[in-house]
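Visitor: Kindly generate the corresponding structure for this input.
(one chain, ligands or ions: 1)
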Amino acid sequence: MSAQIGVTGLAVMGANLARNLARNGYTVALHNRSIEKTDALLSAHGEEGDFIRTETLQELVDSLEKPRRVLIMVKAGVPVDSVIGQLVPLLEPGDIVIDGGNSHFEDTRRREAALAEKDLHFVGVGVSGGEEGALLGPSIMPGGSRESYDSLGPMLEKIAAKYEGEPCCTWIGTDGAGHFVKMVHNGIEYADMQVIGEAYDLLRSAAGIEPAEQATIFNEWNTGQLSSFLIEITAEVLGHVDARTGKPFVDVVVDSAGQKGTGRWTVVSGLDLGSPVSAIAESVFARALSSQRGQREVAQETLQGAETAVELPDTFVDDVRQALYASKLVSYAQGIDMLNAAAREYGWDLKLDEIASLWRAGCIIRAELLDDIMKAYAGSEAPANLLFAPAFAESIAAAVPAWRRVVSVAVQLGIPVPVFSSSLAYYDGLRRKRLPAALTQGLRDLFGAHTYHRVDAEGTFHTMWGEDRAEVEAVDTH
Ligand code: 6PG
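Guide: Numbering: from 1, shown residues only. Okay, the predicted model is just below:
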């Protein structure tokens, strides 16, 4: 018996993907650096399907049908390169090496190019859905050669989450496209969680609504426009009571948020692409600020606070819901804008409707909204910005008055809402007829002769600021 796929790296994500493949009828060869993990998996779940136990990478490779498919599930970074280095000499042209970790897309581009030179396929696969998703059906974002997808795609589609029967997996594009899309997914995930946090803080600190009651509110929100996995689990976490103290669980958790890096990568990449992903950036910064515990302690003693009481509108709870919805839409719009910019930069033909469709189930940001986003991009004329799609232009317009009320209450009370407020600034920045960027250009021209364009004439100009202030035609140095 030979295996249809081999998995090396049997920590929880690798083990669960291997089990998912086996449960779906594939024969899976297992390998791990230490055999104990392989044996533990076999003894606990060996009866779930057909597994082949291997002790070395050579054995793993020998157990596979050709072309071979080897899924690497080790920590992103150096460990991936190290496994590739050991694996490649054992493979033959046409074999497929798959990286299912959260690798940086630039690493994936580099690895794909290096393996292509050896006539090997390298597929960088974004996998979302956490441990449970890996086992029961994740959302899968594969990038690599089209040819490799023809061989690998059916397996991935089979183990992926299904949305109304459709697999949440489709070929994203060449080289790093899959990992890029997964990275943006994670950036949106950061923003999604941050806006939920801002809503929670406002309901608690401005309106005095305790976590248990908020759980009910979030459950209610989960039945409407905001319906999503993250809102659902917010209700679960807020409703949880700490067994040791009897306090709300959220009150016994240290308020410093960790991060493994994908949100930061999204922002760095957004900066490189000139794509204004402010909601995602503010979410990463909010986690960073939360972790500056020393400074926060000093600040509590030193920095002046704000008013302690503000009259809240009767509609406050629903206003917060609408602010959350509008800010969430902005973060999706920014993430999608970044996908468009990356498609141009890296020569990927990213199909936004397909990407939205595979985020509808299995992944962490799965939300009802994604079905509408998919529809917004399914027609022949894609909107230049998600917010311009008629359905969203309308729903965000309906939310704007509440959004402004919420941000102003937060500002008056000194409750930080970096994503609610920066998303509103993005929205206003987009829609404003004239931006102060004209003044920025004037300043740049004065101190650095950086030139400017005029509203009423073609060409590039410079004013002789230090002389007679005459305007001259100039070479564009934008
Ligand atoms: C997913 C998640 C996952 C990510 C965690 C942790 O889609 O399943 O995005 O890939 O690793 O959410 O991310 P942070 O530690 O950076 O919050």
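
Visitor: shouldn't Leu273 be in contact with Asn340?
Guide: No - Leu273 is not in contact with Asn340 according to CB atoms under 8 Å; the separation is 9.3 Å. C-beta here means a position set from N, CA and C on the backbone, and glycine is covered the same way.

Visitor: Please list the residues of the stretch 351-478 of the chain that sit near the ligand.
Guide: Cys363, Ile364 (CB under 6 Å from any ligand atom).

Visitor: Let me see the ranges of the strands in the stretch 351-478 of the chain.
Guide: Taking DSSP state E, counting those that start in this stretch as the test, the strands found in the stretch 351-478 of the chain are 461-463, 471-473.

Visitor: Kindly report the residues of the stretch 51-200 of the chain close to the ligand.
Guide: Proximity of the stretch 51-200 of the chain to the ligand, by CB under 6 Å from any ligand atom, involves residues Asn102, Ser128, Gly129, Gly130, Asn186, Glu189.

Visitor: With respect to Glu166, which of the strands of the stretch 351-478 of the chain lies nearest?
Guide: Glu166 sits nearest to strand 461-463 of all those, at 54.0 Å, using CB to CB.

Visitor: So for the closest one, mean pLDDT?
Guide: Averaging pLDDT along strand 461-463 gives 98.

Visitor: What is it packed up against?
Guide: helix 437-448, strand 471-473 (3 or more CB pairs under 8 Å, 6 or more residues apart in numbering; DSSP states H and E).

Visitor: Export the ones you listed to JSON lines and append columns for distance to Phe218, mean pLDDT and mean neighbour count.
Guide: Formatted as JSON lines, the helices and strands packed on strand 461-463 follow (distance: least, CB to CB, whole Å; pLDDT from 0 to 100; neighbours: other CB atoms under 10 Å):
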{"stretch": "helix 437-448", "distance to Phe218": "39", "mean pLDDT": "98", "mean neighbour count": "12"}
{"stretch": "strand 471-473", "distance to Phe218": "58", "mean pLDDT": "97", "mean neighbour count": "11"}
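
Visitor: want to throw those into CSV with distance to Glu311?
Guide: As requested, the helices and strands packed on strand 461-463 are exported to CSV (distance: least, CB to CB, whole Å):
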stretch, distance to Glu311
helix 437-448, 37
strand 471-473, 53
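
Visitor: What ranges does the chain have for its strands?
Guide: Chain-ordered strands for the chain, with DSSP state E as the definition, fall at 5-8, 28-31, 51-53, 69-72, 96-99, 121-128, 139-143, 162-163, 166-167, 461-463, 471-473.

Visitor: What score does the closest residue to Lys247 other than its chain neighbours have for pLDDT?
Guide: Sequence neighbours aside, Val241 is the residue nearest to Lys247 in space, at 7.2 Å (criterion: CB to CB, 6 or more residues apart in numbering). With respect to pLDDT, Val241 has a value of 98.

Visitor: Tell me the bridge partners for Val241.
Guide: Val241 has these beta-bridge partners by DSSP bridges: Pro248.

Visitor: ok, now which ones touch it?
Guide: Residues near Val241 by CB atoms under 8 Å, 6 or more residues apart in numbering: Ala212, Lys247, Pro248, Phe249.

Visitor: From those residues, pick the one nearest Ala235.
Guide: Ala235 has its nearest neighbour among the contacts of Val241 in Ala212, at 10.3 Å by CB to CB.

Visitor: My guess is that closest one contacts Pro248. True?
Guide: Yes - counting by CB under 8 Å, Ala212 touches Pro248, with 6.7 Å between them.
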